[in-house]
Structures are given as structure tokens and as C-alpha cells.
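**Student:** Take this sequence and fold it.
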Amino acid sequence: MSKVQVDTIVDKDDISAPTFSKGAIVTGVCTATTFVGALTGNADTATTATTTSGNAGGLTGSPSITVTDVGANDVNATGVGTFGSVVSSGAISGTTGTFTGDIDIADKIVHTGDTDTAIRFSAADTVTVETGGTNRITVNNNASVNTLDVAGGARADFFVGRSNQSAPTADASIYRAADNTLALATSSTERLRIGSSGEIGIAGANYGTSGQVLTSGGSGAAISWTTPAGGGWVPVANNSVSSSDSTSTLCDFSSCFDSTYDHYRVEFTCHVADITSTSPVDNLLFRQYDSGSLRTGTDYDYAVNYSGNGSANRSHQSSSGSSTFAYMSGNQDSQAWQGHIDIWNTHETTIQATWNWWMNGYWIYQPDSVANNNRLGVNGVCSVANGSTPVAVTGFKIYTNSGHNLQNGNVVVYGLKTS
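**Tutor:** Below you'll find the model as predicted:
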């Protein structure tokens, strides 16, 4: 082996670099100010080829190549490229990318081929979504959806989140005013809220009092809670039945009466047949609830008068405290019954509250209908005490005598408000 020690090697004319036509094998570090031409093949012992300046064009091969500076020319990598940083004055394109750190974006991420659809960072602590070049959703630093625009230009503001809002922060909004409470605001002022039990509040937690009603103030004025003036019938209970219910009970109210009203009225109608047949027919029975319990003992004292089947003559049927129920229809049957019941002072126990009813029985079979087999002007009274001790009445039950199922029926209980 020979060794050549020189400071400079030039060609024979001392003009340019020599040409190694058979190649050159360098076992140490090769340092050059400029490299021109393609680099091919594999490094035998080194795993990295490093260039600190100048050109790095045409570098190929299996070892990693670390480039500390790239000028205006392209860098094309078919495998994985690792860069300390990339600064580009043009576009950077690729099929997919994986990033283990942050991606800094000045303003927006734009949908390819649909440049008016984007996710934007339009201001500090704000993310927006645009479609058609128009802002649709804004999420701000309140951790809540603040603005929602829908197609067509309609716009509404929302504050929806897990935290409560003490006051609206937009001119028109729906927001959570308290736990399980939804509030609506206009002109940045709460107008209406719905509480956790379904109660309605006006301008905050103003839920009014029992019996009050919402009253309009007209155009340009807010609604308000008011106490109705004067009296009137107020519905307090109701029931309806149909043939699909397969029941012979028109109603069974154990606690529809209390001291709220002195006077209660029951309106009712029911059919045990239909228009295609003369049967079945049935009569109606009545029982009382007191203190929430159905009275089934022989305490029913009642009397009924009626006219029957086209006759003007009045008939009478009664029981003097020996029956376990009252015959509302005077033990007369018909296909249909309709009427009402009145009772006063159900809560009193100094005297026994007494039932009064007025009703008519008639056929619904066609032809003939009401002209046949009618029971007209059925008028009855009934008092049901505990022996000789008055009881507070809380409800009642109406049902058929022979157990025929009702084809349809309706009952409404009203209380009379006197002021």
C-alpha cells in the first residue's frame, strides 16, 4: 500500500479538478465546497450523508440524508421525510400527513375544490364554521355555542352548555338560566323560562300562584300573571272510554273533590250499544268515595223519579239506607244515558253532602232512535253517610248494572269558582 500526501490535486493543465475515470474510494470524510452530479449507491459504513451548504441535487440511496438548508429548488421524498422546520413561499401538497406536535394556522382550513367552505380561527379564542362563504357557527371562549346561522339567512343565538348563565349575553337567545331550567331572551333581557317541573316563569323566576292565568298586554307589551276576575266552571277531572277499553266503568274518581270549591258539577254521556242493534241495554249505578275509600256498605239513601217509554206518567224508585249503591237510572235500562250531577259542600261534615242528578235515557238504534224505549226526566237525589255520621265526600264511581261494556263515554268534573 502506498500513501500520497498532497495539499492540492488538479488536472495536468493546472486548470480544473482531475477526473477519476475509474472512481475514487474514500475511507474517511470527504469534504467539498461544491458537489455536482448524482450521488448513487449505498454508504458502506456511514448512515447519514450530510451537506451543510451548496447544492444537494440528485442524492439517492438507502442511507438517511440530512439537509440543513434547502433553497428555491424542490425536495421530493418518496419515503418518510423528517424536517426540523419547513418554510415555503408556495404550496405544500401531499396525500396524507401525520404530525406529533401542533399545526399553526393563521386563519382558515379550506375545503379542496370548495373554497367558500372553511373552518376559521377568526379571532382570539374563537372558532367559526363557514359554508357558502357565510359564517354558520361560532364557538367562543364561554365553551358554548354562541351563534347558529341556518341556510336562507335565518339566524338565532344560543347559549347551551353545562354551566348556568346568570343573564343572557346576546340580544336574542335561548340559554340555561339555572339547573334544569331553560330561558328565552330578547333585547338581551330574559322574557320567559321553563323550570324543572314544567312551571312557566315570566321575566325570571316569577311563576305566579296557583289559579292565575297568563294575560296578554297586547302588541309591544309583556305578558303577565293575573288572577281571573269573576266566577266560572273550572275543569278538575275527566275521563273517556271506548269499546277498545273493554270496561263497564264510566269513571272512577277517588279524590276529585276537596275544599277548593263549594259547588261541583259532573257532566256525562255514555252508550252501551251502537246504531245497528237493539241490544244490549243497561242501567247506571253510582257509588261514593269518602276519605278516598269507596263506600260499599248499606249506607245509600236515594230516590229517583222518571217517565218511561213515551209515557207522561212519573214513576218512582228508592231505597232507605239499605242498598250498597244507588240506581242512578231508577233501575231502568236503556242504550244510552246523558246528564249531569251536582253536589255542594263536599268537604263539610256537619251535614251530609247530597247528590242531585238529572239525566235522560234513550236508544241510539236506527231507525226509531230516541223515540223508542226512552227514559226521560230521570231526577234523583242520594245521601251516603257513615250510618248517622256525616262524611267528607272525595269522589264517585259510575258503572253499568249488568256489566255490559261501554261503547263510548265521557265525563268531566267542574268546580264552580265564584270570585
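
**Student:** ranges for the helices of this protein?
**Tutor:** With DSSP state H, there are no helices along the chain.

**Student:** domain parsing for it?
**Tutor:** 1-74, 142-226, 233-417 (automatic domain parsing).

**Student:** Least confident of those domains, on average?
**Tutor:** Across those, domain 1-74 has the smallest mean pLDDT, namely a mean of 63.

**Student:** ok so, going back, out of the domains of the chain, which comes closest to Thr112?
**Tutor:** domain 1-74 (21.1 Å; Cβ to Cβ). Glycine gets a C-beta too; all of them are placed from N, C-alpha and C.

**Student:** re earlier: out of the domains of the chain, indicate the one that is most buried.
**Tutor:** Most buried of the domains of the chain, by mean neighbour count (mean count of other Cβ atoms under 10 Å): domain 233-417, with a mean of 18.

**Student:** Not counting its neighbours along the chain, what's nearest the residue nearest the centre of the chain?
**Tutor:** For the chain, the residue nearest the mean C-alpha position is Leu182 (11.5 Å; Cα atoms, centre = their mean). With sequence-adjacent residues excluded and distances taken as Cβ to Cβ, 6 or more residues apart in numbering, Leu182 is closest to Ile194, at 5.0 Å.

**Student:** From what I see, that neighbour and Asn180 are in contact.
**Tutor:** No. Shown here, Ile194 and Asn180 do not form a contact pair, counting by Cβ atoms under 8 Å, at 9.3 Å.

**Student:** before we move on, back to that, take the domains of the chain and write them to CSV, including distance to Thr134.
**Tutor:** Converted to CSV, the domains of the chain look like this (distance: least, Cβ to Cβ, whole Å):
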stretch, distance to Thr134
domain 1-74, 38
domain 142-226, 7
domain 233-417, 50
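
**Student:** Of all those, which one comes closest to Thr117?
**Tutor:** Once these are compared by Cβ to Cβ, domain 142-226 is nearest, at 12.9 Å.

**Student:** if we can go back for a sec, identify the residues contacting the residue nearest to Leu182.
**Tutor:** Thr181, Leu182, Ala183, Ile200, Gly201 (Cβ atoms under 8 Å, 6 or more residues apart in numbering).

**Student:** if we can go back for a sec, list the beta-bridge partners for the residue nearest to the centre of the chain.
**Tutor:** Arg176, Ile194 (DSSP bridges).

**Student:** for Asp290, same thing?
**Tutor:** Under the criterion used (DSSP bridges), Asp290 bridges to Ser293, Val393.

**Student:** thought it was touching Ala392?
**Tutor:** Yes. In this structure, Asp290 is within contact of Ala392 by Cβ under 8 Å, at 6.1 Å.

**Student:** Could I get the full set of strands for the stretch 201-350 of the chain?
**Tutor:** 213-215, 224-226, 232-242, 249-253, 263-271, 284-290, 293-294, 300-308, 314-323, 326-327, 336-344 (DSSP state E, counting those that start in this stretch).

**Student:** So for Asn410, which of the ones you listed sits nearest?
**Tutor:** strand 232-242 (4.8 Å).

**Student:** Show me the contact partners of that closest one.
**Tutor:** In contact with strand 232-242 (Cβ under 8 Å, 6+ apart) are residues 247, 249-253, 256, 260-261, 264-265, 270, 406-417.

**Student:** please redo it, this time with the cut-off set to 7 Å
**Tutor:** The contact list for strand 232-242, computed with Cβ atoms under 7 Å, 6 or more residues apart in numbering, reads 247, 250-251, 253, 256, 265, 406, 408-417.

**Student:** same question, stretch 274-287
**Tutor:** Counting by Cβ under 7 Å, 6+ apart, 272-273, 294-295, 325-329, 331-335, 337, 364-366, 382, 396-402, 404, 407 sit against stretch 274-287.

**Student:** mind redoing it with 6 Å?
**Tutor:** Identification of contacts with stretch 274-287 by Cβ atoms under 6 Å, 6 or more residues apart in numbering yields 272-273, 294, 325-326, 328-329, 332-335, 337, 364-366, 397-402, 404, 407.

**Student:** next one: stretch 336-350
**Tutor:** Contacts for stretch 336-350 (Cβ under 6 Å, 6+ apart): 257, 259, 262-267, 269-271, 284, 353, 355-362, 364, 390, 392-393.

**Student:** Try it again at 8 Å.
**Tutor:** Residues contacting stretch 336-350 (Cβ under 8 Å, 6+ apart): 257-259, 262-273, 284, 328-329, 351, 353-364, 378, 390-394, 396.

**Student:** cool, stretch 100-118 as well?
**Tutor:** So stretch 100-118 is contacted by Ile119, Arg120, Phe121, Ser122, Val129, Glu130, Thr131, Gly132, Gly133 (Cβ under 8 Å, 6+ apart).
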